[in-house]
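Q: Got a predicted model here, sequence first, then my questions.
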Amino acid sequence: MNPKKILIIGGAGYIGSHVTLEFCNHNYDVVVFDNLSTGHKSNIDNRAEFIKGSILNLSEIDDVFNKVKPTTVIHLSALKAAGESMINPMKYSEANIIGSINVLNMMVKHNVKNIIFSSTAAVYGVPQYLPINELHPLNPVNYYGFTKKSIEDYIQWYAKLKGIHYSILRYFNAAGYDVNGKIIGLEKEPQNLLPIVMEVIMGERSHLNIFGNDYNTMDGTCERDYIHVSDLATAHYLSYRKLINNNENFLLNLATGEKYSVLEVVNGCESFLGEKVNYKFTDRRLGDPDLLYSDSNLAFEKIGWKPQFSDLKTILTSMYNVYKKNRN
């Protein structure tokens with residue numbers, strides 16, 4: 001078994017393609033398994049092998065484990081639209097929970113002992129204190145967050161019962177693109193603030209809807225902790241090194257401890273990009289907390305991780321450059 005053989009499930013997606021690039025840059029033998037429902041084949045680094053398939057198809061996933069014989073699985077495959085998850089929980093149960101159980105069962109069948117799992121700050125729900133740390137109670141307020149919490153539980157049980165070693169990474173708000181422009185395929189049907197802002201700048205939307213301007217924040221709009229996707233990718237690599245060298249299970253928040261309001265993001269587009277963003281205030285969304293941010297103290301302590309690209313200027317300019325390339 002090749003100790004540097006990595007199976008990245010969901011490696012053609014927005015975050016997954018950056019993780020794939022990171023491991024290829026460290027000369028790992030990477031295989032991407034993805035159904036391309038939200039990802040782009042063109043985003044996969046050409047040093048990685050690509051196998052198309054779904055974690056909901058037991059035959060396809062069994063075949064890929066047989067062929068690849070990975071030592072580690074990085075599992076990023078999931079649906080992630082919180083609003084949609086409240087309308088169609090069946091779809092999220094199947095894609096997120098059942099798909100992940102299939103992955104875990106195949107790991108047991110093929111004696112693969114290491115998993116790095118892409119989780120989310122949505123497992124915490126409304127903050128009981130700030131900054132949120134890894135000891136914060138888990139109380140998701142949308143079904144998407146519930147599915148991720150459930151998968152975390154399954155992984156921890158499989159660790160106890162089947163000797164699987166895990167790193168669970170809870171992302172805050174992923175943003176930005178590779179600063180060297182090596183990944184340019186855009187997210188399909190984005191629902192997060194920053195891609196929507198870019199679509200407004202590119203003229204694909206008439207304006208940005210800002211949900212509420214009466215929050216208890218400095219300017220009345222929600223404040224969030226944004227983490228550059230390349231910093232997330234680095235965290236996966238450092239987690240992998242810790243996992244295989246120590247056989248130690250751990251769970252980390254990936255965030256900066258900094259927070260930006262919606263209006264700060266809008267104003268940053270004018271300051272850093274020279275672009276105005278048309279916006280309108282509309283009603284609050286159910287479940288949106290005023291503030292949501294974390295720190296990365298435990299991630300630094302455990303794996304030596306510190307964000308390098310997560311300032312607002314770098315996030316916005318890296319996204320803007322990719323969106324412009326796609327519109328030319």
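A: Done, it's in. Keep in mind that this is a model prediction, so the values were computed, not measured.

Q: Would you map the strands across the stretch 51-200 of the chain?
A: Ranges of strands in the stretch 51-200 of the chain, per DSSP state E, counting those that start in this stretch, are 72-75, 114-120, 165-171, 173-175.

Q: Am I right that Phe146 is in contact with Pro140?
A: Yes. The pair formed by Phe146 and Pro140 meets the contact definition of C-beta atoms under 8 Å, at 4.7 Å. Where you see a C-beta, it was placed from the backbone N, CA and C, and this is true even at glycine.

Q: Could you list the domains of the chain?
A: 5-175+226-254, 193-224+258-294+308-327 (automatic domain parsing).

Q: of all the ones you listed, which gets the most neighbours per residue?
A: Each of these was assessed for mean neighbour count using mean count of other C-beta atoms under 10 Å. The highest is domain 5-175+226-254, with a mean of 20.

Q: Leu56: what's it in contact with?
A: With contacts defined as C-beta atoms under 8 Å, 6 or more residues apart in numbering, Leu56 is in contact with 94-95, 98-99, 102.

Q: Contacts only, for the nearest residue to Arg284 once chain neighbours are set aside.
A: Of all residues beyond its chain neighbours, the one nearest Arg284 is Gly212 (3.7 Å), with distances taken as C-beta to C-beta, 6 or more residues apart in numbering. For Gly212, the contacting residues are 220-222, 281-285, 288, taking C-beta under 8 Å, 6+ apart as the criterion.

Q: which of these lies closest to Val266?
A: For Val266, the closest of these turns out to be Thr221, at 8.8 Å, with distances computed as C-beta to C-beta.

Q: Just give the nearest non-adjacent residue to that closest one, would you?
A: Beyond its immediate neighbours in the sequence, the residue positioned closest to Thr221 (C-beta to C-beta, 6+ apart) is Val262, lying 3.9 Å away.

Q: hang on, isn't that neighbour packed against Asn192?
A: No. With the criterion set as C-beta under 8 Å, Val262 and Asn192 do not qualify as a contacting pair; they are 11.6 Å apart.

Q: Go ahead and list the helix or strand containing Val19.
A: Val19 belongs to helix 14-25 when assigned by DSSP states H and E.

Q: what does that helix contact?
A: With contact meaning C-beta under 8 Å, 6+ apart, helix 14-25 is reached by 6, 8-12, 30, 32, 34, 38-40, 43-45, 47-48, 74, 76-77, 118, 171, 174, 178, 182-183, 185, 187, 229-230, 232-234, 236-237, 240.

Q: quick one on the thing from earlier: would you mind giving the strands of the stretch 51-200 of the chain as CSV with distance to Gln128 and mean pLDDT added?
A: Formatted as CSV, the entries for those read as follows, by distance: least, C-beta to C-beta, whole Å; pLDDT from 0 to 100:
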stretch, distance to Gln128, mean pLDDT
strand 72-75, 28, 98
strand 114-120, 17, 98
strand 165-171, 16, 98
strand 173-175, 19, 96
